[in-house]
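*Asks:* Predicted model follows, preceded by the sequence.
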Amino acid sequence: MTVVAAARGVTKRFAPRGPAALDDVTLEIAAGRVTGLVGPDGAGKTTLIRILAGLLRPQSGQVEVLGGPAGAMAGDVGYMPQRFGLYEDLSVRQNLTLYAELRGLPRAEHDAVFDRLLAFTDLKRFQGRLAGQLSGGMKQKLGLACALVRTPRLLLLDEPSVGVDPISRRELWSMVGALVDEGIGVLWSTAYLDEAERCAEVCLLNAGRRLFAGRPADLTQRAAGRVFRLEAFAGGKRDVLARTLNRPEVSDGTLQGRSVRLVMAAGEGAPSPKLFAAGEGARVIPANPRFEDGFVDILGGAGKGTSALAATYAEAPRGEGPAIEARALTKRFGEFTAAQDISLNVARGEIFGLLGPNGAGKSTTFKMLCGLLTPTSGQGFVAGRGFAASGASARSRLGYMAQKFSLYGDLSVAQNLAFFAGVYGLRGAKARARTEALVEIFDLSRYLPDNAGALPLGYKQRLALACAVMHEPPVLFLDEPTSGVDPITRREFWTHINGLVERGVSVLVTTHFMDEAEYCDRIALIYRAREIATGTPDALRAQAAALTGAADPTMEDAFIALIEAADMAREQAAA
Amino acid sequence: MTVFSLRRLAALTVKEVVQIGRDPSTLLIAFVLPLILMVLFGYGVSLDTARTRVGLALEDDSAAAVGLAESYQNSRWFDVTMAHAVAPLRRELVAGRIRAVIVIPADFGGGRARGRTPPVEVITDGSEPNTASFVAAYAEGVRAAWAGERRPRVRIEPRFWFNPELKSRFFLVPGAMAIVMTMIGTLLTALVVAREWERGTTEALFATPITMLEFLISKLAPYFVLGLISMSLCAIFAVTVFGLPFRGSPLTLLAIASAFLVPALGQGLFISAATRNQFVASQIALLSAFLPALLLSGFLFEISSMPAPIQWLTYAIPARYLIPPLSTVFLAGDLWDLILPDIFAMLGFGVLFFALAFRFTRKRLD
């Protein structure tokens, strides 16, 4: 095994007294394999990659890249930053030419290399198009092509799969697989834990520290023999999940369609279904451990299953109609149709998921439903109130958590809470009581005087949720609420949401995470502005199984199968 | 790794040129804005006093008083409304329809005959102090000229060299060219490096073997050429449309413009490298380059009439050294002993800014 790059004992601080972005981290990248740099947002992945690319200098530790100091062998290192580094006002081919010249690819080889890369990335048809007009997935591939224009010995990829739908993600992996076969050493950083399992070696970072390094299977093995599925139980799935998480014997639990996936605490064997009072027919069957199980295990297991937020929350009123309703929502931007005839309704106490590739129209649908965009035609209702007629009344009944951090970064936590209490019309003793309760529930007291922008990511998330539920709205809109956060915070978040739903709150959520889709009661799959499938996660999986013939598909398999079927149907209709 | 590669430089420069070509706002600033500014300063702003509306209260009907009144009426500076008393004119003055009232007093002719000419009174509208003092001075000038004709002793015939009609357009247009080059040189370059930082393209770029020198030159060369092109456009426009004389040679003009672009581009690059943010960069460029060039270069306000501390400050404004040689090359000719010191001053500033820009642009992100 040849080591092409190594960082040993690297520490990096951005402010002299600030927290360490990287704290004594060691990493080795070997030729001919994919080394995964895995961890939630803010773990230090980008900092480490930039150090290897020679763009940052650490305070201490040694860095060696291709036998020299970082940055010295720039010609042999391919680097794709998170924002691709493409020139959006240059065409695909001009971008390739620029990087070929900068990396000193002999001119005679240009055409042959470009042909190969364009075929490899399937961008041949688009070489004249401006990079800014490519879709997210295509930009990703072009960024990769630019990094590969002169075959590197080391390839650094900073979160290449962020914001890329599962189909493009699969393609990207197979492209990188081909490079590894040529002997290139690849560093692939990701916040998706399921990607770790595809790497030969992983380095798991959390809050600047290395938690694990080695083969991913070794981490996964930590949970071996402790993972089970609880099936066919009586009662509500969220209720059962909360009960299992509250048992000391259980380390971690998640929903998976109509079953609950359990990781038992160390030393525990298979649990009896009786432990969870899950009814007569309940069965416990062993399941395969995953990388995430090992990660959660290192972090000490998931928290309790009862939400303190839900305990204080006002029971959502029982109305006649659905909590959220879309009637043939259509949005056109000029010639372009972003959403076409979307109809759905979300019942009281239901979690409804919107899934779909980037640019499919799920954000547009979402924004029309919470009154941020006016539909071209059709109507949206929240708690029976239409935005067209009674927008303010509809808005006062919903809580909204935006995909990007949308609080005031230069106000303190306390000021943000006070601001949102005011915005939602809470005053005096009531506002104080509600704010204090939220501070207690989300454990924000030690951060109260700090600027919200400087909080650790997990706490930003908590604060955002606290602000969104300030006025105890019966309807919640969550736009990719947990992308990038660590698995413990994610579980805590879903415990709150599950608890609220038990109080009758209705939730509309968009997500890229397939395991988040599992928490939904029903899902609508949006593709090319249309709703191509709607149903429970189990029903969608069954639909996909019928299409492909594969037994027990994952949510991601189902997603891909349904989209491919929609593509096929469209092509047939066109022919 | 080579320290400098022409091939990489060429690739970067081509990229920059393609980007300029695709960016409508850059083209607008480089080609349309200069023409708008030229028209604005050439036609819209004029420091000449055109005919000012004044009232004339003729309280005397002697031959001398009427003769003076005729001098006012015939003056090219005034558009006179006649009356025989101040009262009716007062209302006009308050309403702003006239700017001043000139009073030829009742005993003007009689007093003059006795050798004690009573003074002509000028009542001005103090709410517009500039106009008021202009009018007062010109009114006195007309009176003095009239008195001089009556008793000729010495005839003074004023004669102006280089700009015989004292058209303000003739010195405003070279000034406008200085403003245009400041815009292109400093404002545009202040944006370009900051834009790369903001869009995250520096990250991919700095991970390639390029050197800082190649990067900076590729940023400068296209804007240097762009600055010269739009300066030439302005010069052609000035001569053909405004009828400015051009007494020097085009090469001298190019030399002066090139010398000025060195500090202008250097300042832009320095701002861009230090801020890494387009919004902040454009604000700083406006405050540190555009406004000083407009206010402190001698373009709109004469430096010699500024308070001393402000006069010292003007020595730190590169545009201050551009306007005199520009005026020289247009109105006087290739007077190298006047032009060269200014050129050296501009190059000196250029070296300073480049040193700063180079210090602040590093091939690293922290």
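*Replies:* Now that the structure is in, tell me what you want to look at.
*Asks:* Skip the chain neighbours and tell me the closest residue to A:Pro456.
*Replies:* Sequence neighbours aside, A:Gly42 is the residue nearest to A:Pro456 in space, at 6.5 Å (criterion: C-beta to C-beta, 6 or more residues apart in numbering or on different chains). Every residue, glycine included, has its C-beta placed from N, CA and C.
*Asks:* For the one you found, give me its contacts.
*Replies:* Counting by C-beta atoms under 8 Å, 6 or more residues apart in numbering or on different chains, A:Gly42 makes contact with A:207, A:456-457, A:484.
*Asks:* Among those, which one sits closest to chain B?
*Replies:* Closest approach between those and chain B, by C-beta to the nearest C-beta: A:Gly484, at 17.6 Å.
*Asks:* Tally up the residues packed near the closest one, please.
*Replies:* 20 (other C-beta atoms under 10 Å in any protein chain shown).
*Asks:* Then A:Leu465?
*Replies:* 24.
*Asks:* quick one: it and A:Thr495 touch, right?
*Replies:* No: with contact defined as C-beta atoms under 8 Å, A:Leu465 does not reach A:Thr495; the gap is 11.4 Å.
*Asks:* for A:Gly54, helix, strand, or coil?
*Replies:* Assigned with DSSP: H, G, I helix; E, B strand; the rest coil, A:Gly54 falls in the coil class.
*Asks:* From the structure, what's the count of residues near it?
*Replies:* 23.
*Asks:* Please report the distance of it from A:Leu154.
*Replies:* 12 Å (C-beta to C-beta, to the nearest Å).
*Asks:* Show me the common contact partners of the two, please.
*Replies:* Counting by C-beta under 8 Å, 6+ apart, the residues touching both A:Gly54 and A:Leu154 are A:Val65.
*Asks:* Wait, A:Arg397 touches A:Gly384, no?
*Replies:* No: assessed by C-beta under 8 Å, A:Arg397 is found out of contact with A:Gly384, at 9.2 Å.
*Asks:* where's residue 174, which helix or strand?
*Replies:* You didn't say which chain, so I picked chain A. Taking DSSP states H and E as the definition, A:Ser174 sits inside helix A:166-181.
*Asks:* My question was about chain B, not that one.
*Replies:* helix B:168-182.
*Asks:* contacting residues for residue 83?
*Replies:* Because you didn't say which chain, this covers chain A. For A:Arg83, the contact set (C-beta under 8 Å, 6+ apart) comprises B:199-200, B:203.
*Asks:* sorry, should have said chain B
*Replies:* With contact set as C-beta under 8 Å, 6+ apart, B:Ala83 has these partners: B:55-58, B:89.
*Asks:* gap between it and B:Thr124?
*Replies:* 17 Å.
*Asks:* hang on, isn't A:Leu48 packed against A:Gly208?
*Replies:* No: the pair A:Leu48 / A:Gly208 is not scored as a contact, 9.5 Å apart, by C-beta under 8 Å.
*Asks:* right, is stretch B:189-207 up against chain A?
*Replies:* Yes: Stretch B:189-207 reaches chain A (C-beta under 8 Å from any C-beta of the partner chain) through B:199-201, B:203-207.
*Asks:* Drop anything exposed from those residues.
*Replies:* Using 16 or more other C-beta atoms under 10 Å in any protein chain shown as the burial test, those include B:199, B:201, B:203-207 as buried.
*Asks:* overlap in contacts of A:Leu48 and A:Gly208?
*Replies:* A:22, A:25.
*Asks:* if you count what's nearby, which of those two comes out ahead?
*Replies:* Using other C-beta under 10 Å as the criterion, A:Leu48 and A:Gly208 rank with A:Leu48 on top: 30 against 21.
*Asks:* any idea how far A:Gly54 lies from A:Leu398?
*Replies:* Between A:Gly54 and A:Leu398 the distance is 48 Å, computed by C-beta to C-beta.
*Asks:* which one in the chain is furthest away from the centre?
*Replies:* Since you didn't name a chain, this refers to chain A. Distance to the chain centre peaks in chain A at A:Ala108, reaching 42.8 Å (criterion: C-alpha atoms, centre = their mean).
*Asks:* please go with chain B instead
*Replies:* Largest separation from the mean C-alpha position in chain B: B:Arg114, at 50.9 Å (C-alpha atoms, centre = their mean).
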